[in-house]
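S.K.: sequence? don't have it. structure:
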């Protein structure tokens, strides 16, 4: 039987065309035209391959194909098979799913076998793009917004509606399939559903409290900014599930929080948002890395609960008794939360238009071991998956979430560790990661060992002293200032950068952008004289 599915080569040719196109309108037209060619069952796999992610957010499956595995495959040579039909989009995606399902003893050799078979059926250009997809190195200028606009044009549906469906499902491929096959009427039926996590609303950054009051027109609601991990809790009767910021189900790691919610929430159906913080026996917040030990633990959970106790702070309600709450203003959502949950489960909050009260609340948060404050416009709506001025974070020191794209071997006592990290931020227009500095400061010896192991598994290439890795590890980086740099293609360098913590709760696409780096420098120069300026 002849396979009439769309050949992989067609997708690869589209990617190659996009890589050489500089016009955003042309990129959207190229991608939308391609999507309209596909059969319904091909749309989701094609979009995931184009996005270079394979699986949607929240899906715990990972390929775990290391540079070593691929090197072994390439060393064996591409063994051409007798398959006469071309590789198809669905076949390749299915084989990637097979790779992700492999684990345990012998899994590496099985993965090598699948990869060898795949690469043996490809042309040179197909092999090149498959390898780039495997390692998250596609970088053909397809930022998330551009893909959503392309889906919108292919389906002849407003981009806002497409974006809404994506924020409610967290699945780019499924969003494309629904938009193109169900059209506008089908998309309108998509709404928040219990036990299907939505992408969280994000906060912009404010340099100081004065900026907050100016932006929010005087009165604002201040929450503690906690040094923990964001969670989304879904409840229907006695059934409770907990999801991470990245939409993954983490209930097995935190059974005590599910029980706490079940016993204390005065609602039959609800979706709540909050923060989980590791605490010591006195209830004081512990370092973020302690909390991450709980996120990774699925066995011996009782022992982990005893060793790393946590505290839950709730700060928002997204769904309540059958009704989505996104269009309710912030102050009304908070009132519902206060009526639904006991006060000890809520983040401390201050609603004020008084600068001195706000400053006192900020200092109190810092004294208690927290990061600062989140300022929320009292009339602000909840915007899933969006970042904006309705939420503003205020911290004592400026930090960036950066991605490690390479690491140097250390010297002296650190000679056996990859311990000097190349830090990059994201270009939102191209989805490329641009280096803005290096650092070897901030981690403990145990963390250096852990990072070395992780980075070796992510290795793509290496030189005598540097290992280049798949962009996968996000770190929060503090620094003194942003400098203009002729040495980095980004044009910027972080002065005295040091790692504050490893952000295992964040994906590379959650990293800060080059636009934020530019804004930080601009704000800095608004308070300082520019180099070379006269007094």
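M.R.: The structure has been received and is ready for your questions. Predicted, not measured: the structure shown is a model, and the values here were computed from it. Residues are numbered from 1 along each chain as shown.

S.K.: biggest helix in the protein by residues?
M.R.: In the chain, ranked by residue count with DSSP state H as the criterion, the top helix is helix 172-188.

S.K.: which residues touch that helix?
M.R.: 35-36, 38, 40, 43-48, 51, 53, 56, 144, 147-148, 151-152, 154-158, 161-162, 164-166, 169, 190 (CB atoms under 8 Å, 6 or more residues apart in numbering). Yep, even glycine has a C-beta here, placed from its N, CA and C like the rest.

S.K.: So for that helix, mean pLDDT?
M.R.: What helix 172-188 shows for mean pLDDT is 90.

S.K.: Break down the stretch 401-535 of the chain into its helices, ranges please.
M.R.: Counting by DSSP state H, counting those that start in this stretch, the stretch 401-535 of the chain has helices at residues 445-457, 514-527.

S.K.: wait, which of the ones you listed is closest to residue 374?
M.R.: helix 514-527 (17.0 Å; CB to CB).

S.K.: what distance separates the closest one from the centre of its chain?
M.R.: In this view, helix 514-527 has its centroid 23 Å away from the chain centroid, taken as CA atoms, centre = their mean, to the nearest Å.

S.K.: what's the answer for stretch 98-109, then?
M.R.: With CA atoms, centre = their mean, you get 25 Å for stretch 98-109.

S.K.: And the helices of the stretch 401-535 of the chain, which one averages the lowest pLDDT?
M.R.: Among the helices of the stretch 401-535 of the chain, helix 514-527 carries the lowest mean pLDDT, a mean of 80.

S.K.: helices or strands next to it in the packing?
M.R.: strand 399-409, strand 418-426, strand 433-439, strand 481-484, strand 492-495 (3 or more CB pairs under 8 Å, 6 or more residues apart in numbering; DSSP states H and E).

S.K.: buried set for the helix or strand following the longest helix of the chain?
M.R.: Next in sequence after helix 172-188, counting helices and strands by DSSP states H and E, comes strand 202-205. When neighbours are counted by 16 or more other CB atoms under 10 Å, the buried residues of strand 202-205 are found to be 202, 203, 205.

S.K.: now the strands for the stretch 151-300 of the chain?
M.R.: Secondary structure of the stretch 151-300 of the chain (DSSP state E, counting those that start in this stretch): strands at 202-205, 220-225, 229-236, 239-244, 269-278.

S.K.: need the contact list for residue 98.
M.R.: With CB under 8 Å, 6+ apart, residue 98 has these contacts: residue 114.

S.K.: pretty sure residue 144 is touching residue 507, no?
M.R.: No - between residue 144 and residue 507 there is no contact under CB atoms under 8 Å: 11.5 Å.

S.K.: Ramachandran coordinates for residue 480?
M.R.: phi -90, psi -40 (degrees, to the nearest 10).

S.K.: I figured it hits residue 493, correct?
M.R.: No - assessed by CB under 8 Å, residue 480 is found out of contact with residue 493, at 11.2 Å.

S.K.: The two: who's more crowded?
M.R.: Taking other CB atoms under 10 Å, residue 480 and residue 493 do not tie; residue 493 has more neighbours (21 against 13).

S.K.: and the gap between the closest residue to the more buried one other than its chain neighbours and residue 307?
M.R.: Nearest residue to residue 493 in three dimensions, chain neighbours excluded: residue 485, at 3.6 Å (CB to CB, 6 or more residues apart in numbering). Separation of residue 485 from residue 307 (CB to CB, to the nearest Å) stands at 43 Å.

S.K.: ok, now residue 443?
M.R.: For residue 443, the distance to residue 307 - CB to CB - is 21 Å.

S.K.: For these two, indicate the residue with more neighbours.
M.R.: For the pair residue 443 and residue 307, the greater number of neighbours falls to residue 443 (21 against 12), based on other CB under 10 Å.

S.K.: Now do the domain split for the chain, please.
M.R.: Listed by automatic domain parsing, the domain ranges of the chain are 8-188, 202-394, 399-527.

S.K.: could these go into TSV alongside distance to residue 194?
M.R.: Formatted as TSV, those follow (distance: least, CB to CB, whole Å):
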stretch	distance to residue 194
domain 8-188	12
domain 202-394	5
domain 399-527	23
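
S.K.: Least reliable of these by average pLDDT, please.
M.R.: Among these, domain 8-188 scores lowest, at a mean of 87.

S.K.: and residue 104, how far is that from residue 111?
M.R.: From residue 104 to residue 111 the distance is 12 Å (CB to CB).

S.K.: One more: residue 357?
M.R.: 58 Å.

S.K.: These two: who's more crowded?
M.R.: residue 111 (23 against 13).

S.K.: Tell me, how many residues neighbour the residue nearest to the more buried one when sequence neighbours are not counted?
M.R.: Distances taken as CB to CB, 6+ apart place residue 99 nearest to residue 111, at 5.2 Å, with adjacent residues excluded. Using other CB under 10 Å, the number of residues around residue 99 comes to 23.

S.K.: Thought residue 65 was touching residue 99, still the case?
M.R.: Yes - between residue 99 and residue 65 there is a contact at 6.7 Å, judged by CB under 8 Å.

S.K.: Name the residues contacting each of these two.
M.R.: Jointly contacting residue 99 and residue 65 under the rule CB under 8 Å, 6+ apart are 111, 115.

S.K.: so the residue nearest to residue 493 touches residue 492, yeah?
M.R.: Yes - under the criterion of CB under 8 Å, residue 485 makes contact with residue 492 at 5.7 Å.

S.K.: Between the two, which is the more surrounded one?
M.R.: Higher neighbour count among residue 485 and residue 492: residue 492, with 20 against 16, using other CB under 10 Å.

S.K.: Now do the contacts for the more buried one.
M.R.: Neighbouring residues of residue 492 by CB under 8 Å, 6+ apart: 436, 482, 483, 484, 485, 514, 517, 518, 521.

S.K.: Just give the nearest non-adjacent residue to the third one, would you?
M.R.: This means residue 483. Among residues not flanking residue 483 along the chain, residue 493 sits closest, at 4.9 Å (CB to CB, 6+ apart).
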